[in-house]
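>>> fold the stuff below for me.
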Amino acid sequence: MKIITTLGLLLVSVHLGHSFLIGAFNIKSFGDSKTSNATLLDIITNVVHRYDIVLIQEVRDSDLSATNKLMQSVNGGSSPYEYQYIVSEPLGRSTYKERYLFIYRHQSVSVVKSFQYDDGCESCGTDTFNREPFVVMFSSNTAVQEFALIPQHTSPEVAVTEIDALHDVVVDARQRLNTNNIMLLGDFNAGCSYVSNSEWSKIRLRTDQSYTWLIPDSADTTVTHTNCPYDRIVATSDMMRGVSAGSAQVFDFMQAHGLSQSWALAVSDHFPVEVKLL
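Okay, the predicted model is just below:
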C-alpha cells in the first residue's frame, strides 16, 4: 500500500481545467426532498457538471423520481455535455436502502458492462457488506481506455471489515472483467473513530503494496467542523498508470460556490473527492 502525500491535496475551489475528472460524492439522503428544493438542486447540478463521471451515494430514491429530476436539471442547463446514468438496485439488509448512482458524460464515456457483487447470503446473515458494491466498467478516451469503478459506502460500525473485504471485490472484478484497471471510491468511513491507527494492519486494501490510496489520512472530507478522511479513492497499480500525478483532492463546493455552511450542510455533510485521469 502506498499513500500519496498531502501536497496538492488541500481543499481547493479552482477547476482543474479541461481534463477527465472522476468524483465521488456522498449526498446525504439524496431523494425527493433534495430535488424539490430549487436551490439545492442547482448546487448539486453544478457539482455534477464538474465531472466526466461522478458516483453519488446515499441515494434514497426507490422509484428513481429524484434521480430523473436531477438528470433533467443536469441536461437542461448551459452545459455543453449530455449526461446519462447507471444505477444499482436499492441495497441494504433492512428496510433502509440506498442506491449507487453513476452519472457520466455521454460524449466522453460509455458503459461497457456492470455487475452487482455477490457477497453471500443476506437472508442467512452471512453476507459481508450492508451495501455491496455495484461494479461498473467504463470506456473512455483516456490512457487506460477501459477501467472499472468499485463504489462503496460502508456501514460505520463495521468499516474495518467492509474496507478489508473490498480486496475480495477487486479480485472478483479482475476475473470477471479481465482488467486490473480498477479504482475504488466512496464514503469508506475510513478514519476518526471508525478506523483506528491499530486497525489499518487488518485491512488488506491498505497493507497490499499494489494499491495506492490517493486521498490521504490527513484529508478532511467533512463539511462540519470535524476533521475526518471518511471519503477515499484507491487505485490498483495498473490504474495508477492512467492517473494524473497530484490531481487527487477534496473538492470544497462550499467555497467554490460561495455558500454558507448551513446551505452546504443542506446539500451534504461530505465534500466530494476527485481525481484526474490522463
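>>> what segments of the chain are strands?
2-3, 20-30, 53-59, 83-87, 99-105, 109-116, 134-140, 146-151, 182-187, 211-213, 231-236, 249-250, 273-277 (DSSP state E).
>>> give me the sheet partners of the longest one and which way each runs.
So that's strand 20-30. Strand 20-30 pairs in its sheet with strand 53-59 (parallel), strand 273-277 (antiparallel), by DSSP bridges.
>>> in TSV: these, plus distance to residue 102.
C-beta here means a position set from N, CA and C on the backbone, and glycine is covered the same way. As requested, the strands paired with strand 20-30 are exported to TSV (distance: least, Cβ to Cβ, whole Å):
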stretch	distance to residue 102
strand 53-59	6
strand 273-277	14
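>>> out of those strands, deepest packed?
When the strands paired with strand 20-30 are scored by mean count of other Cβ atoms under 10 Å, the highest mean neighbour count falls to strand 53-59 (a mean of 25).
>>> now do that strand and strand 134-140, the angle between them.
Relative orientation of strand 53-59 and strand 134-140, computed by axes from the mean of the first three to the mean of the last three Cα atoms, to 10 degrees: 160 degrees.
>>> nearest to residue 221, of the strands paired with strand 20-30?
Among those, the nearest to residue 221 by Cβ to Cβ is strand 273-277 (6.0 Å).
>>> mind listing residues that contact the closest one?
Here strand 273-277 makes contact (Cβ atoms under 8 Å, 6 or more residues apart in numbering) with 16, 19-24, 50-51, 140, 142-144, 183, 185, 214-215, 219, 221, 231-233, 235, 242-244, 247-251.
>>> quick revisit: among the strands of the chain, which is nearest residue 195?
Among the strands of the chain, the nearest to residue 195 by Cβ to Cβ is strand 231-236 (10.4 Å).
>>> contacts for that closest one?
For strand 231-236, the external contacting residues (Cβ under 8 Å, 6+ apart) are 22, 24, 26, 166, 170, 180-188, 190, 205, 210-215, 221, 243, 248, 250, 270-275.
>>> ok, 6 Å please
For strand 231-236, the external contacting residues (Cβ atoms under 6 Å, 6 or more residues apart in numbering) are 180, 182-185, 187-188, 190, 211-215, 221, 243, 248, 270, 273, 275.
>>> just the buried ones from the contacts of strand 273-277?
Buried subset of the contacts of strand 273-277 (neighbour count, 16 or more other Cβ atoms under 10 Å): 16, 20-24, 50-51, 140, 142, 144, 183, 185, 214-215, 219, 221, 231-233, 235, 242-244, 247-251.
>>> centroid-wise, who is the farthest residue in this structure?
When distances are taken from the C-alpha mean of the chain, residue 124 lies farthest, 28.7 Å away, according to Cα atoms, centre = their mean.
>>> for the stretch 151-278 of the chain, which segments count as helices?
159-177, 204-207, 237-240, 253-256, 261-267 (DSSP state H, counting those that start in this stretch).
>>> out of the ones you listed, nearest to residue 114?
Distance to residue 114, taken as Cβ to Cβ, is lowest for helix 159-177 among these, at 9.7 Å.
>>> summarise which helices and strands the closest one is packed against.
Helices and strands touching helix 159-177, by 3 or more Cβ pairs under 6 Å, 6 or more residues apart in numbering; DSSP states H and E, are strand 146-151, strand 182-187, helix 204-207.
>>> and the shortest one, how far from the chain's centre?
Yep, that's helix 204-207 we're talking about. Counting by Cα atoms, centre = their mean, to the nearest Å, helix 204-207 is centred 19 Å from the centre of its parent chain.
>>> thanks a lot, see you next time.
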